[in-house]
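[1] Show me the folded form of this:
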Amino acid sequence: MADNTIIEEVILESTYEGPQGDNIFQDEEVIPNECQLIDSNNEVNDNDFHYDNNANEQVLIGLKADHTIELLTTGDEEVGSDEAICPSEEELHTNYSSSEEQAYHFPIYDAEREKFDPQLEVGKEFKNIEEFKEAVRNHGAASRCNFRFKPNDEFRAQAICKLACTWKIWASWNKKKGCVQIKSKNPEHTCIRNRTNRHCTAKYKAKRYLDTFKVDLNWKSKLIIKAVNDDMKLTINKVTAWMARRYARVLIQGSNEHHFGLLRSFAVEILRTNPGSTCIVAIHDLKFQGVYICLEACKRGFFGGCRQLLVLDGCFLKGTFGGQMLVAVELDANHYIYPVAYAIVERENATTWRWFIQHLGEDLKIMNSNEWTFMTDRQKGLQNVIDDLYLEAKHRFCVRHMYINFFRIDFKGLILKEYIWKAAKSTMVLEWMFWMGEMEKESSAAHNWLKKRHPSEGMSHGSMCMSVIE
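    This is a model prediction of the structure:
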């Protein structure tokens, strides 16, 4: 008979009972073509010699109603179907035909289930080389072994232990199956485990302890170090622990790029949940220029319990994209800082300040009169904008910036510093005159320098020019 002849169907009598005593076969079952029995010579004799041998060895194949293989029994030994059909390393290198290879079901790497303890076995399939190398790195972190790849390209990779160890594993591209497959492996380690591991990176630790970071996003670095030492027997430094916490924040909260993509949705959500608020996103040529936000609740609080005094200042933003924040705050009845409005812009200059103050004036109904007072630092651009928009309004400067100049002139000492702040915080003329007299007793030169200052610099009678910005 010609080679590669197969048995198309075999009739088995229902003589096997399951573990519960019920008959798991119908009266007659036909073995599907994918379960064909093939002899070692790929031939079937005319006298059914191959079938007789199998029948003598009691090869039973149980089929359920969905026509899936449930159990393979040979003699008194029972094995699972996956164990029965997976080849050994020697069988993987034999010259089987394509029809014979279809009978094998190789294990497929599950990145989600095996990401922290991958099982690297001969025949396991991966999507690409990068997934295989990631599995090897995770295995190295779990086993405290340092691996390197040589050779290493798009279609093949061999991982070997760095410390002249005999452990190695080889994987390459399988053209017939369209995947990367492990071809050989030497599982024996002859090296000594290290307390430091190059594969235990910040990203690996962030993913491994992601559930803990979700509970406590500010997990302390020393506690991260202790957890890694107890669980993995590895030693890491504070920088690696800090980087792991930062990457965990990205996994949980999203990256800055992702948040900027949601800026329009953020503006719509503000207007939906806070009716009457103002949220303006400035975009020019599809490039972000700034965003201005003034909540309705803050406006009502300002009109209901705050004086017509606004403190304006800006600060730098520390992040991926940088930029600056412009803020307008006030002191409430309890002398606490009360936020009114803020804006995020690319840089602090006269143009961005004018844009911010114009929208602020519309929300707070600021009039060009002496009833309003603005307090700022000594930035020339901001001072010119206020003089241009609200010429009649009063303008005061922060005492903190004035004290810097006071200190540079060599008027130093804690006593002079206390007197200048007491005078600046005075709300009555008599109180202000008392502290100025105490300063004159301590240093007449310092007293004369302050007397020459313009009243807008915070030393006028009865003015309240504390540094609430800081």
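
[2] now the strands: where do they sit in the stretch 251-400 of the chain?
    Per DSSP state E, counting those that start in this stretch, the stretch 251-400 of the chain has strands spanning 278-284, 287-294, 309-316, 324-331, 337-345, 373-376, 394-397. These are given in chain order.

[3] In TSV, list those along with mean neighbour count and distance to Phe411.
    Where you see a C-beta, it was placed from the backbone N, CA and C, and this is true even at glycine. As requested, the strands of the stretch 251-400 of the chain are exported to TSV (neighbours: other C-beta atoms under 10 Å; distance: least, C-beta to C-beta, whole Å):
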stretch	mean neighbour count	distance to Phe411
strand 278-284	14	44
strand 287-294	18	40
strand 309-316	19	25
strand 324-331	19	28
strand 337-345	20	29
strand 373-376	22	23
strand 394-397	19	18
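
[4] For the ones you listed, give me CSV that also has mean pLDDT and distance to Lys185.
    Shown next, in CSV, are the strands of the stretch 251-400 of the chain (pLDDT from 0 to 100; distance: least, C-beta to C-beta, whole Å):
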stretch, mean pLDDT, distance to Lys185
strand 278-284, 91, 56
strand 287-294, 92, 52
strand 309-316, 90, 54
strand 324-331, 92, 56
strand 337-345, 94, 54
strand 373-376, 88, 70
strand 394-397, 81, 74
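
[5] Same list (those) but as a markdown table, adding distance to Lys214.
    As requested, those are exported to a markdown table (distance: least, C-beta to C-beta, whole Å):
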| stretch | distance to Lys214 |
| --- | --- |
| strand 278-284 | 30 |
| strand 287-294 | 29 |
| strand 309-316 | 30 |
| strand 324-331 | 29 |
| strand 337-345 | 28 |
| strand 373-376 | 43 |
| strand 394-397 | 47 |
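
[6] Make sure Ala202 is actually in contact with Lys238.
    No. Counting by C-beta atoms under 8 Å, Ala202 stays clear of Lys238, with 11.6 Å between them.

[7] neighbour count winner among these two?
    When Ala202 and Lys238 are compared on other C-beta atoms under 10 Å, the one with more neighbours turns out to be Ala202, at 18 against 11.

[8] State the pLDDT value of the more buried one.
    What the model reports as pLDDT for Ala202 is 92.

[9] That one: what's it in contact with?
    The contact partners of Ala202, by C-beta atoms under 8 Å, 6 or more residues apart in numbering, come to 240, 243-244, 246-247.

[10] Just the buried ones from the residues you listed, in PyMOL syntax?
    Filtering those down to the buried ones (16 or more other C-beta atoms under 10 Å) takes a single PyMOL command:
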select buried, resi 240+243+244+247
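
[11] ok, of the contacts of Ala202, which one's closest to Arg144?
    Among the contacts of Ala202, Thr240 lies closest to Arg144 (C-beta to C-beta), at 15.6 Å.

[12] Look at that closest one and tell me its secondary structure.
    helix (DSSP: H, G, I helix; E, B strand; the rest coil).

[13] What ranges in the stretch 51-200 of the chain fall below the confidence cut-off?
    Filtered on pLDDT under 70, the stretch 51-200 of the chain yields the residue ranges 51-104.

[14] one more time with 80, if that's ok
    Low-confidence segments of the stretch 51-200 of the chain, defined by pLDDT under 80: 51-105, 162-164.

[15] hmm, who's touching stretch 131-142?
    By C-beta under 8 Å, 6+ apart, stretch 131-142 touches 109, 111, 114-118, 120, 126, 145-147, 149, 152, 157, 159, 169, 171, 180, 182, 197-200, 204, 232, 234.

[16] One more: stretch 290-308?
    With C-beta under 8 Å, 6+ apart as the contact definition, stretch 290-308 has outside contacts at 263, 267, 270, 274-282, 330-333, 338-346, 352, 355-356, 359-360, 363-364, 371-373.

[17] List the buried residues of that stretch.
    290-295, 298-299, 301-302, 306, 308.

[18] now stretch 350-359
    Along stretch 350-359, the positions that meet the burial threshold by neighbour count (16+ other C-beta under 10 Å) are 352-357, 359.

[19] Spell out for me which residue occupies the centre of this structure.
    By C-alpha atoms, centre = their mean, the mean C-alpha position of the chain lies nearest to Val250, the distance being 1.7 Å.

[20] which SS class is that one?
    Under the three-state scheme (three-state DSSP), Val250 adopts helix.

[21] Burial check on Arg144, number of neighbours?
    Residues lying near Arg144 (other C-beta under 10 Å) number 18.

[22] show me the residues around it that make contact.
    193-195, 197, 232-234.

[23] likewise Ser221?
    Ser221 makes contacts with 238, 241-242, 245, as judged by C-beta under 8 Å, 6+ apart.

[24] mind giving me TSV with those residues and columns for pLDDT?
    Below are these laid out as TSV (pLDDT from 0 to 100):
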residue	pLDDT
Lys238	92
Ala241	93
Trp242	94
Arg245	94
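
[25] Narrow the contacts of stretch 131-142 to those that are buried.
    If we count by 16+ other C-beta under 10 Å, the contacts of stretch 131-142 have these buried: 109, 118, 120, 126, 145-147, 149, 157, 159, 169, 171, 180, 182, 197, 199-200, 204, 232, 234.

[26] Spatially, and excluding backbone neighbours, which residue is closest to Tyr390.
    Counting by C-beta to C-beta, 6 or more residues apart in numbering, Asn368 is the residue found nearest to Tyr390 once chain neighbours are left out, at 5.0 Å.

[27] Roughly how far does that neighbour sit from Lys177?
    Relative to Lys177, Asn368 is positioned 78 Å away (C-beta to C-beta, to the nearest Å).

[28] Over to Leu360?
    Note on Leu360: its distance to Lys177, by C-beta to C-beta, is 66 Å.

[29] With neighbour numbers in mind, choose between those two.
    Using other C-beta under 10 Å, the more surrounded residue of Leu360 and Lys177 is Leu360, with 21 against 11.

[30] Surely the more buried one is in contact with Trp372?
    No. With contacts defined as C-beta under 8 Å, Leu360 does not count as touching Trp372, sitting 11.3 Å away.
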